[in-house]
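Chemist: Sequence first, predicted model second:
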Amino acid sequence: MRKIAKAMAATTASVILATGTAGCSEGESKSVPELPKQFCWGAFTAKEVSPLLPNGDKATLRMDPFYFSERVRQTSCRLYIDGNQGFDAVARLEDTKDLIEWSSWDPADPDPINVGEKGIVRDNGAATYFACKPTANSGPSLGKYLELRIEVRASPDKDERQTMPKLLEKFMTFAQKELKCT
């Protein structure tokens, strides 16, 4: 009940997290702004995500509650660096696997990964889905499959294809525990 009350009290949280290089002299390179130790519902740590992020001065977090209902079928956590998208974590409930569609990722030549029922990774993102009927919100039409996507906007020299599967697996473990999937 407490989760429902929190979800109803605030549909979106927005927090400015840090200003990293204020006062730096010209010519000094920027770094990734300081992030809280855990963010996005506590599913990720700054240590895991920071290496994938672009450099900048200010990080802003916008996060929906991790909550689903008849009307709320998707939740997201977005981290912006200097106003630009830096990191996205999205969870979406679907009734059938057929509604989960990643063809827009085809030009990025994604590789299959062994995360969830079906997982893929590309240079700046990863996605999976798995069977999950949340017991916390038992209702016949809440959905049977949970799709998870993670995307980053990093520099081209960072190797996201190697690190994204681990983050996606951690996101899946978090979601399964949080929703008490059956």
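Modeler: Looks like it came in fine. Numbering: from 1, shown residues only.
Chemist: all contacts plus neighbour counts: C-alpha atoms, from now on.
Modeler: OK.
Chemist: tell me the contacts of Ile81?
Modeler: Pro33, Pro54, Asn55, Gly56, Asp57, Lys58, Ala59, Thr60 (C-alpha atoms under 8 Å, 6 or more residues apart in numbering).
Chemist: How about it: what's its closest non-neighbour residue?
Modeler: Distances taken as C-alpha to C-alpha, 6 or more residues apart in numbering place Ala59 nearest to Ile81, at 4.6 Å, with adjacent residues excluded.
Chemist: returning to what we had before: closest to Pro112 among the contacts of Ile81?
Modeler: Pro54 (25.4 Å; C-alpha to C-alpha).
Chemist: Run a quick neighbour tally on the closest one.
Modeler: For Pro54, the neighbour count with other C-alpha atoms under 10 Å is 23.
Chemist: And the one 10 residues further on, by the same measure?
Modeler: Other residues near Asp64 number 19, with proximity taken as other C-alpha under 10 Å.
Chemist: my guess is it contacts Thr75, does it?
Modeler: Yes: in terms of C-alpha atoms under 8 Å, Asp64 counts as a neighbour of Thr75; the distance is 5.6 Å.
Chemist: Check which helices and strands the helix or strand hosting Gln162 sits against.
Modeler: Using DSSP states H and E, Gln162 sits within helix 160-179. With contacts defined as 3 or more C-alpha pairs under 8 Å, 6 or more residues apart in numbering; DSSP states H and E, the packing partners of helix 160-179 are strand 44-45, strand 118-122, strand 125-131, strand 145-152.
Chemist: ok and that helix relative to strand 145-152, angle-wise?
Modeler: 140 degrees (axes from the mean of the first three to the mean of the last three C-alpha atoms, to 10 degrees).
Chemist: For this structure, which segments count as helices?
Modeler: 2-9, 46-49, 160-179 (DSSP state H).
Chemist: Determine which stretch of those helices is the most buried.
Modeler: Mean neighbours per residue, mean count of other C-alpha atoms under 10 Å, is largest over the helices of the chain for helix 160-179, with a mean of 18.
Chemist: Give me the mean pLDDT for that helix.
Modeler: Mean pLDDT, helix 160-179: 92.
Chemist: again with stretch 126-136
Modeler: Stretch 126-136 comes out at a mean pLDDT of 85.
Chemist: Mind listing what's buried along that stretch?
Modeler: Within stretch 126-136, the residues scored as buried using 16 or more other C-alpha atoms under 10 Å are Ala126, Ala127, Thr128, Tyr129, Phe130, Ala131, Cys132, Lys133, Pro134.
Chemist: Stretch 36-54 too?
Modeler: Phe39, Cys40, Trp41, Ala43, Phe44, Val49, Ser50, Leu52, Leu53, Pro54.
Chemist: how about those in a markdown table, adding pLDDT and distance to Val115?
Modeler: Converted to a markdown table, the buried residues of stretch 36-54 look like this (pLDDT from 0 to 100; distance: C-alpha to C-alpha, whole Å):
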| residue | pLDDT | distance to Val115 |
| --- | --- | --- |
| Phe39 | 86 | 22 |
| Cys40 | 94 | 20 |
| Trp41 | 95 | 20 |
| Ala43 | 95 | 16 |
| Phe44 | 94 | 17 |
| Val49 | 89 | 18 |
| Ser50 | 87 | 22 |
| Leu52 | 87 | 20 |
| Leu53 | 88 | 22 |
| Pro54 | 86 | 26 |
